[in-house]
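**Q** Just to be clear, the model below is a prediction. Sequence and coordinates:
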Amino acid sequence: MRFPLNTALFVTMLALLTGAAALAEETYRVDGQLLTPLNMFRECDACPEMIVLPLGHFMMGSTPEEAEAAWRRWHVGRGIDPDDPVVRPNTTDFLNETPQHDVVIDIPIAMGRNEVTREEWMACVADGRCTDEFDERNHFRRRNGPWQEQPRGPIAAITWAEMQDYVAWLNDKAGAAVYRLPTEAEWEFAARAGTDTPFAQGDTLTRAQANFLVARAQIVDGRYTWTYDATNERRPVTVDELDAANAWGLRHMSGNVGEATMSCTSERQMGLASSSAYLADALHPEDCDLVLKGGYYSLDRELIRPARRNVMSGEHWNPFIGFRVVRELDAEP
């Protein structure tokens, strides 16, 4: 027997089936918890809070026009004429954000809600797996300046190898090799949180949303002299401070401390098509300088955009640099 087709019902059922399929593709189980995108979990009491990211794609990096505009804003915001012939050649520094290209996120991951904190790091120290030298290093470099010593402040002044010690400790807690540092592509996808504006919060960023430097220059006797805003923190703030979360709940992706990735730096964007391709490239065994993302508290606003690429040496520690972790996920059948 044939039944007349109810078009509206058919469309509704198709939508439900399609939605169910999409949900099934983005459903994950971690430590007995069933998780979907933007759910938050913590795998152990001392482990970082993690947020499940959606799959998808995004435009990574900047166009030459966007890089030029950011470079000009950077100088104008500091009171410097970007067309000064002494300043002008430095615009090429921003071109390492180009070319802009589409990247498919094809590896399911969760990203740390926060930069790894001092208290999270100290749990690894207590287990004898991580170094406790970071405070001595910070005070060595900043004898006459303030430093964040709160447990919820971000860990900094650790080397790439020491970050790997922490990741190995987390993987032992999870019982599998699932934690690592993000690639440059994963980090920028997470920082943008579905936006295509210079910042995840829009076209600009306020001091209520991020910890960055405000400074102005004046020309005195032919030289630039600097005036620094009295409200500058001059140090990292705790991960719970400021209205610093993007639309996916990830905090301090701009400013505070710079964040190490596992990607090697390059003169221009590599232009790879997928997050799996970026991961494969990052697993290359050759030593390299690494891409540092997010800027830090002593940098200007234009230098903490998601597209911005800085450099860190994997062999050295720096009191401005910390990190956050990602966890790879397996889809629930």
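**A** Sure, I can see it.
**Q** Quick check: end-to-end length of stretch 219-238?
**A** 36 Å (C-alpha to C-alpha, to the nearest Å).
**Q** ends of stretch 208-228, how far apart?
**A** For stretch 208-228, the end-to-end distance is 17 Å (C-alpha to C-alpha).
**Q** can you pull the buried residues of that stretch?
**A** By neighbour count on 16 or more other C-beta atoms under 10 Å, the buried set for stretch 208-228 is 209-213, 217. C-beta: built from backbone N, CA, C; applies to glycine.
**Q** Check stretch 134-153 too.
**A** 134, 137-138, 147-148, 153.
**Q** Spit out the contact partners of residue 63.
**A** Contacts of residue 63 were listed using C-beta atoms under 8 Å, 6 or more residues apart in numbering, and they are 98-100.
**Q** before we move on, what about residue 219?
**A** residue 225.
**Q** separation between it and residue 301?
**A** Using C-beta to C-beta, to the nearest Å, residue 219 is found at 22 Å from residue 301.
**Q** ok now stretch 196-206, how far from the chain's centre?
**A** Stretch 196-206 sits 14 Å away from the centroid of its parent chain (C-alpha atoms, centre = their mean, to the nearest Å).
**Q** what's next to that stretch, contact-wise?
**A** 58-59, 66, 70, 191-193, 195, 209, 212, 246-247, 253-254, 301, 304-307.
**Q** out of those, which are inside strands?
**A** 58-59 (DSSP state E).
**Q** Sort out which of the contacts of stretch 196-206 are buried, if you could.
**A** For the contacts of stretch 196-206, buried by 16+ other C-beta under 10 Å: 58, 66, 70, 191-193, 209, 212, 246, 253-254, 301, 304-307.
**Q** picking that back up, select only the buried ones of the contacts of residue 63 in PyMOL?
**A** In PyMOL, selecting the buried portion of the contacts of residue 63, with burial taken from 16+ other C-beta under 10 Å, looks like this:
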select buried, resi 98+100
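**Q** Need the residues that contact the helix or strand hosting residue 173.
**A** For residue 173, the host element (DSSP states H and E) is helix 160-174. With contact meaning C-beta under 8 Å, 6+ apart, helix 160-174 is reached by 31, 43-44, 46-48, 116, 121, 124, 127, 129-131, 177-181, 260, 290, 312, 314-315, 317, 323, 325, 327.
**Q** Turn the buried ones among those residues into a named PyMOL selection, would you?
**A** In PyMOL, this line selects whichever of the contacts of helix 160-174 come out buried by 16+ other C-beta under 10 Å:
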select buried, resi 43+46+47+48+116+121+124+130+131+178+179+180+181+260+290+312+314+317+323+325+327
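**Q** Distance across stretch 227-246, terminal residue to terminal residue?
**A** So stretch 227-246: terminal residues 30 Å apart, C-alpha to C-alpha.
**Q** Name the residues of that stretch that come out as buried.
**A** Quick answer for stretch 227-246 (16+ other C-beta under 10 Å): 233, 235-239, 241-242, 244-246.
**Q** Just say helix, strand or coil for the residue nearest to residue 101 when sequence neighbours are not counted.
**A** Closest residue in space to residue 101, ignoring its immediate chain neighbours: residue 271 at 4.8 Å, by C-beta to C-beta, 6 or more residues apart in numbering. When classified by DSSP: H, G, I helix; E, B strand; the rest coil, residue 271 comes out as coil.
**Q** CSV for the buried residues of stretch 208-228, including distance to residue 228 and pLDDT?
**A** Shown next, in CSV, are the buried residues of stretch 208-228 (distance: C-beta to C-beta, whole Å; pLDDT from 0 to 100):
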residue, distance to residue 228, pLDDT
209, 20, 97
210, 17, 97
211, 14, 97
212, 12, 96
213, 7, 95
217, 11, 82
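**Q** Can you name the residues that contact the closest residue to residue 26 other than its chain neighbours?
**A** Take residue 26 and drop its neighbours on the chain: the residue closest to it by C-beta to C-beta, 6+ apart is residue 37, 5.5 Å away. By C-beta under 8 Å, 6+ apart, the contact set of residue 37 is 26, 52-55.
**Q** Then residue 267?
**A** residue 96.
**Q** hang on, it in a strand?
**A** No - using three-state DSSP, the secondary structure at residue 267 is coil, not a strand.
**Q** so what pLDDT did it get?
**A** The model reports residue 267 with a pLDDT of 93.
**Q** Residue 291 versus that one, what's the distance?
**A** As judged by C-beta to C-beta, residue 267 and residue 291 stand 12 Å apart.
**Q** what does residue 161 give?
**A** 17 Å.
**Q** Between those two, tell me which one has more neighbours.
**A** Each of residue 161 and residue 291 has its neighbours counted (other C-beta atoms under 10 Å); residue 291 has more, 24 against 11.
**Q** shouldn't that one be in contact with residue 264?
**A** Yes - between residue 291 and residue 264 there is a contact at 7.2 Å, judged by C-beta atoms under 8 Å.
**Q** Going along the chain from the helix or strand of the chain with the lowest mean pLDDT, find the next helix or strand for me.
**A** Lowest by mean pLDDT, DSSP states H and E among the helices and strands of the chain is helix 7-25, with a mean of 39. Sequence order places strand 28-30 as the next helix or strand after helix 7-25, per DSSP H and E.
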